[in-house]
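> coordinates only, no sequence provided:
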């Protein structure tokens with residue numbers, strides 16, 4: 001209260017000084033008025049201005065007597081007014097200050113608790129999550145506890161808001177909340193950080209690697225279609241995780257590391273990434289690519305490169321993999337890693353995949369017309385694959401170009417299978433009934449579960465280049481490749497070795513029974529015209545894919 005009284009006294013003194021200055025100005029004006037009136041009176045009465053005529057004017061003029069009183073009136077009135085105004089204004093300021101202080105205390109007492117929770121979903125807010133993290137890390141057993149933090153960001157959520165409205169977007173967020181609650185472990189705290197970004201704090205996580213299991217469970221929970229109006233949308237998310245004390249010793253840094261891992265997962269087109277030192281947030285300069293990519297598909301800025309695939313024993317050309325590139329007007333030729341993750345996040349991966357499919361089949365038809373009946377491999381994202389009617393659309397594209405179904409091979413990743421095995425299995429069955437082949441790309445990485453090979457209609461596996469690179473020097477990689485080839489052949493599955501760059505690698509792969517080779521030793525990815533020239537130059541014989 002003492003500070004309030006002091007503040008009141010200081011404010012009153014300032015106000016009094018300001019009013020007093022105004023009164024002094026009035027006093028000076030009144031004095032000047034008396035002097036001017038006296039001069040005029042003396043001049044009018046005697047025709048000259050001297051001290052004697054001035055004194056006579058003052059003594060003989062009642063009007064000047066009244067004017068003489070004006071300075072005194074201004075002086076007393078100014079002081080009185082300054083005291084009254086300063087007191088009243090100070091009192092008003094004091095009243096307003098106390099009112100505002102009381103209102104602030106009321107709001108703080110009511111708003112502070114609610115700021116720890118998100119009003120839309122009921123989950124902990126960003127402040128609530130950080131508060132819980134700080135309390136956990138400052139607790140008595142902090143040095144004996146591992147704390148995991150998973151960050152989950154929905155892909156393409158802005159497009160949902162734009163297409164269906166904010167109310168539909170809010171409902172999607174509530175659906176995500178319900179599904180997330182079902183998969184979080186006991187004792188874990190789910191939170192909504194902002195917008196479509198969620199997090200899960202997992203105190204006492206047994207092993208930081210289990211954060212990947214939590215991410216996979218969250219992805220499966222989101223995989224079921226979500227009803228929005230009359231539509232059913234597939235939800236996808238990119239996730240990143242970090243842990244205490246391995247990645248950070250404070251709450252804010254732990255959240256930053258988990259966010260950095262999530263952004264890195266988006267950039268790489270992956271589903272989940274555990275924080276490492278190399279994880280960095282997404283390059284802000286690349287954020288504008290999403291809007292540009294929308295029109296690039298229509299402006300014919302995209303193009304396909306083809307990388308040859310040959311038989312391992314005879315080196316006969318049997319096909320090629322189609323790899324998309326973007327001829328950006330300012331950034332030049334962009335590889336897929338620079339824009340495909342953005343397409344995944346924004347939902348543009350579906351029209352992008354559709355463009356690649358149609359362009360690849362047009363190329364296949366052109367090659368067939370030129371006497372080169374090659375099978376072209378096309379990478380398919382998980383989101384594009386689970387779109388309703390995907391298998392029927394592929395069949396229509398083949399028929400439109402009068403191509404047999406064995407001219408096309410669709411490549412999917414192990415991650416696509418494991419994150420949505422029921423949905424992937426159903427689509428793959430539809431493709432098999434249509435006669436369209438499916439290959440598993442980058443085999444041996446990711447989840448690497450071999451059991452699904454016997455139950456899924458897979459016609460080909462592509463051994464990842466990380467195993468091929470050291471197949472001539474590493475007994476472990478040699479044993480892995482041998483086992484994969486034998487397993488695939490036992491199941492009637494064809495094997496392609498990716499990343500073959502040296503002749504001795506090709507010879508070892510041939511001795512292991514590998515069926516097909518792909519890599520710089522055979523040919524680098526090249527535009528269509530260069531690919532046709534490469535065919536003519538090498539003068540190889542061509543066989544349709546078996």
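Yep, it's here. On a predicted model such as this, the values are computed, not experimentally measured, just so you know.

> can we go C-alpha only for contacts and neighbour counts from here?
OK.

> pLDDT weak spots in the stretch 351-500 of the chain?
The model of the stretch 351-500 of the chain has pLDDT under 70 over residues 415-423, 444-452, 455.

> residue 407 against residue 372, yeah?
No. Counting by Cα atoms under 8 Å, residue 407 stays clear of residue 372, with 10.8 Å between them.

> what is the subsequent helix or strand relative to the host helix or strand of residue 440?
Under the criterion of DSSP states H and E, residue 440 resides in strand 437-443. Remark: after strand 437-443, the chain's next helix or strand is strand 460-463, criterion DSSP H and E.

> pull up the pairing partners for that following strand, direction included.
Within its sheet, strand 460-463 is paired with strand 437-443 (parallel), strand 494-497 (parallel), according to DSSP bridges.

> if we can go back for a sec, what sits up against the strand holding residue 440?
Applying Cα atoms under 8 Å, 6 or more residues apart in numbering, the contact partners of strand 437-443 are 406, 408-414, 428, 431, 457-465, 498.

> can I see the domain layout of this structure?
Taking automatic domain parsing as the reference, the chain has its domains at 2-114, 126-282, 296-538.

> following the lowest-mean-pLDDT helix or strand in the chain, which helix or strand shows up next?
When each helix and strand of the chain is scored by mean pLDDT, DSSP states H and E, helix 62-114 comes last, with a mean of 56. Using DSSP H and E, the helix or strand that directly follows helix 62-114 along the chain is helix 126-137.

> tell me the buried residues in that following helix?
Using 16 or more other Cα atoms under 10 Å as the test for burial, helix 126-137 gives 126, 127, 128, 129, 130, 131, 132, 133, 136, 137.

> do the same with stretch 223-232
Quick answer for stretch 223-232 (16+ other Cα under 10 Å): 223, 224, 226.

> inside helices: which ones of those?
With DSSP state H as the criterion, helices contain residue 223 from among those.

> can I get the buried residues of helix 126-137 in TSV including pLDDT?
Shown next, in TSV, are the buried residues of helix 126-137 (pLDDT from 0 to 100):
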residue	pLDDT
126	86
127	86
128	88
129	89
130	87
131	87
132	88
133	87
136	83
137	80
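
> OK, contacts around residue 463?
Going by Cα under 8 Å, 6+ apart, residue 463 touches 441, 442, 443, 444, 481, 495, 496, 497, 498.

> now render these as TSV, adding neighbour count and distance to residue 184.
Below are these laid out as TSV (neighbours: other Cα atoms under 10 Å; distance: Cα to Cα, whole Å):
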residue	neighbour count	distance to residue 184
441	21	31
442	23	30
443	27	30
444	21	29
481	24	37
495	27	39
496	27	39
497	27	39
498	23	38
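
> just flag the most distant two among these.
Greatest spatial distance among the contacts of residue 463 (Cα to Cα): 441 and 481, at 14.6 Å.

> now the two most distant members of the buried residues of helix 126-137.
126 and 137 (16.3 Å).

> list the contacts of stretch 240-257.
Against stretch 240-257 from outside (Cα under 8 Å, 6+ apart): 130, 133-134, 137, 146-152, 208, 211, 258-265, 272-276, 279.

> flag the shaky bits of the stretch 201-350 of the chain, pLDDT-wise.
267-270, 277-291, 345-347.

> which residues of it fall in helices?
210-223, 251-268, 289-296, 340-346, 349-369 (DSSP state H, counting those that start in this stretch).

> for residue 332, which of those helices is the nearest?
For residue 332, the closest of the helices of the stretch 201-350 of the chain is helix 289-296, at 12.8 Å, according to Cα to Cα.

> my guess is residue 215 contacts residue 262. True?
No. Contact status for residue 215 versus residue 262: not in contact, 11.1 Å apart, counting by Cα under 8 Å.

> please identify every residue contacting each of those two.
Taking Cα under 8 Å, 6+ apart as the criterion, residue 215 and residue 262 both touch 239, 272.

> so for these two, which sits in the more crowded spot?
Between residue 215 and residue 262, residue 262 has the larger neighbour count (other Cα atoms under 10 Å), namely 31 against 26.

> picking that back up, can I get the domains of the chain in JSON lines including distance to residue 120?
Formatted as JSON lines, the domains of the chain follow (distance: least, Cα to Cα, whole Å):
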{"stretch": "domain 2-114", "distance to residue 120": "12"}
{"stretch": "domain 126-282", "distance to residue 120": "7"}
{"stretch": "domain 296-538", "distance to residue 120": "23"}
